[in-house]
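Trainee: Need the 3D shape of this:
(one chain, ligands or ions: 1)
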Amino acid sequence: MTVTDTNEERLIDFHGQPAVALRTRDGATAVVLLHGAHVVSWCPAGVGEKLFLSERSRYGDGASVRGGIPVIFPQFGQRGPLPRHGLVRTRRWRLQRAEAGSDDALAVLALSDDELTRALWPHCFAIELTVCVHGNRLDVELAVTNTGASDFEFAAALHSYLRVNEVETARLSGLHGRRFEDTLGGEIHVDTDETLRVEREVDRIYFDVTAPLRLAEGRSALQIAAERFPDVVVWNPWQDKAAALGDLALTDFRRFLCVEAAQIARPITLTPGAEWSGRQSLIAD
Ligand code: TA6
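Mentor: Next comes the predicted model:
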């Protein structure tokens, strides 16, 4: 990318939190909080908001934002002894770089281990999140480096809350024939449906998904592609669980479907000095 105008990006205040605002020349925008390196907004050029963000979301130290794209590392959910979904979504990251090219804009945020993370997880790491907007496309890449002297193992995910007008009318395709764990009951199934329709609580981990997915609703659609994230989590809490969460309005569960790029079933082992990265790309039709 050629840097042509670094004034296009500036730190803004977003619900009392410092955030990076990205804008391309053709009008695509994204907002990334330093807290959690959390993407809270993405509007492709000429199109409205594509991510769901709860108006009741909590912000600041220790809070995890409800909506956008939470970064999950080094533990997914409660599959281990760490706080739910790991250590990095509730911490403040550093802005490493923000720049604009002739037709794109990107920000790189970084976080390393410190006393608090080592007290919970005794490993030395450096992680970076690169967020890039370009026309109708958003690329989010997570890179993890082992900066310590011994191996560690981790899971990771980009827990994207995709905005829909009415979740019951949305159709997710690309998962037909894939094996999945139904997290609600713990059983393993093979998906026999042509498209996934959400009409009740859904919490599934699909394994070894190789082709891009498509979330369609009416005339609009979003292509969801991933590199080096073999698993896909599909989640909607539905009415009762959403009400119990406390940071969603009554009918908010109808406004999103989480389609998460993930590495869960086979955690990554990193040797000292080694690096891993995974990417999710969202492309609006
Ligand atoms: O990714 C799905 C999931 O693990 C669900 O089980 C669900 O509870 C959700 O994430 C949200 O977790 P959170 O800790 O953000 O409330």
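Trainee: other SSEs contacting the lowest-mean-pLDDT helix or strand in the chain?
Mentor: Least confident helix or strand, the chain: strand 10-14 with a mean of 90, by mean pLDDT, DSSP states H and E. Here strand 10-14 touches strand 17-23, strand 29-33, going by 3 or more Cβ pairs under 8 Å, 6 or more residues apart in numbering; DSSP states H and E. (C-beta placed from N, C-alpha, C; glycine too.)
Trainee: ok, and for that strand, which residues are buried?
Mentor: Residues of strand 10-14 classed as buried: residue 14 (neighbour count, 16 or more other Cβ atoms under 10 Å).
Trainee: Please identify the pairing partners of that strand and their relative orientation?
Mentor: Sheet partners assigned to strand 10-14 using DSSP bridges are listed as strand 17-23 (antiparallel).
Trainee: what's the angle between the partner strand and strand 29-33?
Mentor: Orientation check (axes from the mean of the first three to the mean of the last three Cα atoms, to 10 degrees): strand 17-23 against strand 29-33 gives 160 degrees.
Trainee: average pLDDT across strand 17-23?
Mentor: The pLDDT scores in strand 17-23 average 96.
Trainee: Use 37 as the first number from now on
Mentor: In the new numbering, first residue 37, that becomes strand 53-59.
Trainee: ok, and what's touching that strand?
Mentor: With Cβ atoms under 8 Å, 6 or more residues apart in numbering as the test, strand 53-59 has contacts from 44-49, 65-71, 76, 95-96, 131, 134, 136, 141-143, 145, 167, 169.
Trainee: which of those residues are buried?
Mentor: Among these, those scoring as buried are 44-45, 65-71, 76, 95, 131, 134, 136, 141-143, 145, 167, 169 (criterion: 16+ other Cβ under 10 Å).
Trainee: Tell me the residue of the stretch 87-236 of the chain that sits nearest the ligand?
Mentor: residue 113 (4.0 Å; Cβ to the nearest ligand atom).
Trainee: Redo the helices and strands packed on strand 46-50 as CSV? Include distance to the ligand.
Mentor: Below are the helices and strands packed on strand 46-50 laid out as CSV (distance: least, Cβ to the nearest ligand atom, whole Å):
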stretch, distance to the ligand
strand 53-59, 17
strand 65-69, 15
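Trainee: can you redo those as CSV with distance to residue 211?
Mentor: CSV is the format used below for the helices and strands packed on strand 46-50 (distance: least, Cβ to Cβ, whole Å):
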stretch, distance to residue 211
strand 53-59, 30
strand 65-69, 26
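Trainee: what's the closest of these to residue 229?
Mentor: strand 65-69 (32.2 Å; Cβ to Cβ).
Trainee: Next, the angle strand 46-50 makes with the helix or strand just after that closest one.
Mentor: Per DSSP states H and E, the first helix or strand lying C-terminal to strand 65-69 is strand 75-79. Interaxial angle of strand 75-79 relative to strand 46-50 (the same axes, to 10 degrees): 110 degrees.
Trainee: Tell me which other helices or strands strand 75-79 touches.
Mentor: strand 65-69, strand 173-182.
Trainee: could these go into a markdown table alongside mean pLDDT and distance to residue 312?
Mentor: Shown next, in a markdown table, are the helices and strands packed on strand 75-79 (pLDDT from 0 to 100; distance: least, Cβ to Cβ, whole Å):
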| stretch | mean pLDDT | distance to residue 312 |
| --- | --- | --- |
| strand 65-69 | 97 | 21 |
| strand 173-182 | 98 | 5 |
